[in-house]
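> Sequence and computational prediction follow.
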Amino acid sequence: MKTLWQYLAVGLGGSLGAMARLLVATTCARFFGTAFPTGTFVINISGSWFLGFFLALIGGRFMVSDTTRLAVAVGFVGAYTTFSTYMFESSSLLEQGSGIKATVNLLGSLVVGLIAVRVGIWMGAR
């Protein structure tokens, strides 16, 4: 039963995160235009800050249930941006002294991700 509640909590958090992402993206587009992806930039940076803040807060000063942690970190922030998880995991690798793994994760995700998008565009256009 606990697993069911966790999935429901992640779903609820995810729906709120997706709506927050849309709100931030449309607000940024309204104020800054669409010549540069300002909305995505703001979302990625604010999501990275929030995930780091939240996980540090609950890791040290405040205790929350696993369900709450999942709802916020996986659900809300995961739907708001996956970039935050990418940055947090890369930071964790650096903290563990795994600089090479962090570099491979950071650069590999950028390069391979860009290639994957280009291949997807190419395949979708065929």
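Okay, I see it. Numbers count the residues shown, from 1 in each chain.
> the longest helix in this protein is where?
Longest helix in the chain, counting residues (DSSP state H): helix 2-32.
> Who are the packing partners of that one?
With contacts taken as 3 or more C-beta pairs under 8 Å, 6 or more residues apart in numbering; DSSP states H and E, helix 2-32 sits against helix 38-60, helix 66-69, helix 77-80. For glycine as for every other residue, the C-beta is placed from the backbone atoms N, C-alpha and C.
> For it, buried residues please.
By neighbour count with 16 or more other C-beta atoms under 10 Å, helix 2-32 contains the buried residues Gln6, Ala9, Val10, Gly13, Gly14, Leu16, Gly17, Ala20, Arg21, Val24, Ala25, Cys28.
> That one vs helix 38-60, what angle?
Relative orientation of helix 2-32 and helix 38-60, computed by axes from the mean of the first three to the mean of the last three C-alpha atoms, to 10 degrees: 140 degrees.
> Quick one: distance of helix 2-32 to the chain centre.
Remark: helix 2-32 is offset 11 Å from the chain centroid, using C-alpha atoms, centre = their mean, to the nearest Å.
> likewise stretch 38-57?
Put simply, stretch 38-57 sits 7 Å off its chain's centre (C-alpha atoms, centre = their mean).
> Pull out the buried residues from that stretch.
Buried positions in stretch 38-57, judged by neighbour count with 16+ other C-beta under 10 Å: Thr38, Gly39, Val42, Ile43, Asn44, Ser46, Gly47, Ser48, Phe50, Leu51, Phe54, Leu55.
> Quickly note the distance from the last one to Met87.
Right, the one you point to is Leu55. For Leu55, the distance to Met87 (C-beta to C-beta, to the nearest Å) stands at 12 Å.
> Appreciated, that's everything.
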